[in-house]
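A.B. asks: fold the following, please.
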Amino acid sequence: MPKLKTHKATAKRLRLTRRGKVVFHRAGKRHLMSTKSGSKRRAMRRKGVMKPTEAKMYIRVLKRT
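C.D. replies: Numbers count the residues shown, from 1 in each chain. Model (predicted):
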């Protein structure tokens, strides 16, 4: 049976940490930044960590080798 390919669109958006967590970029940082408060802008700078229940599907798609 051939190897399964990694889903490249997902691989470009998400990253797996060494401990197996899924990390992603926060949404809403592309435009209209002047209307958002400074605390909201700073919070969007941080990367998000997906909840394990949501991450289960993405881990399966990313770990294909």
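
A.B. asks: list the contacts for the most centrally placed residue in the chain?
C.D. replies: The centroid of the chain falls nearest to residue 24 when counting by C-alpha atoms, centre = their mean (2.1 Å). For residue 24, the contact set (C-beta atoms under 8 Å, 6 or more residues apart in numbering) comprises 13-15, 47-48, 50. Just so you know, the C-beta spots here come from the backbone N, C-alpha and C atoms, and that holds for glycine as well.

A.B. asks: just those: which are in helices?
C.D. replies: Among the contacts of residue 24, DSSP state H puts residue 13 in helices.

A.B. asks: highest neighbour count among the contacts of residue 24?
C.D. replies: Greatest neighbour count in the contacts of residue 24, by other C-beta atoms under 10 Å, goes to residue 14: 19 neighbours.

A.B. asks: was I right to think it contacts residue 63?
C.D. replies: No: shown here, residue 14 and residue 63 do not form a contact pair, counting by C-beta atoms under 8 Å, at 11.5 Å.

A.B. asks: pLDDT score assigned to residue 65?
C.D. replies: Residue 65 carries a pLDDT value of 56.

A.B. asks: follow-up on the earlier one: reformat the contacts of residue 24 as TSV; add distance to residue 36.
C.D. replies: Shown next, in TSV, are the contacts of residue 24 (distance: C-beta to C-beta, whole Å):
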residue	distance to residue 36
13	22
14	24
15	25
47	18
48	17
50	23
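
A.B. asks: closest to residue 1 among the contacts of residue 24?
C.D. replies: Each of the contacts of residue 24 was checked against residue 1 using C-beta to C-beta; the closest is residue 14, at 25.8 Å.

A.B. asks: show me where this structure has strands.
C.D. replies: 14-16, 22-24, 48-49 (DSSP state E).
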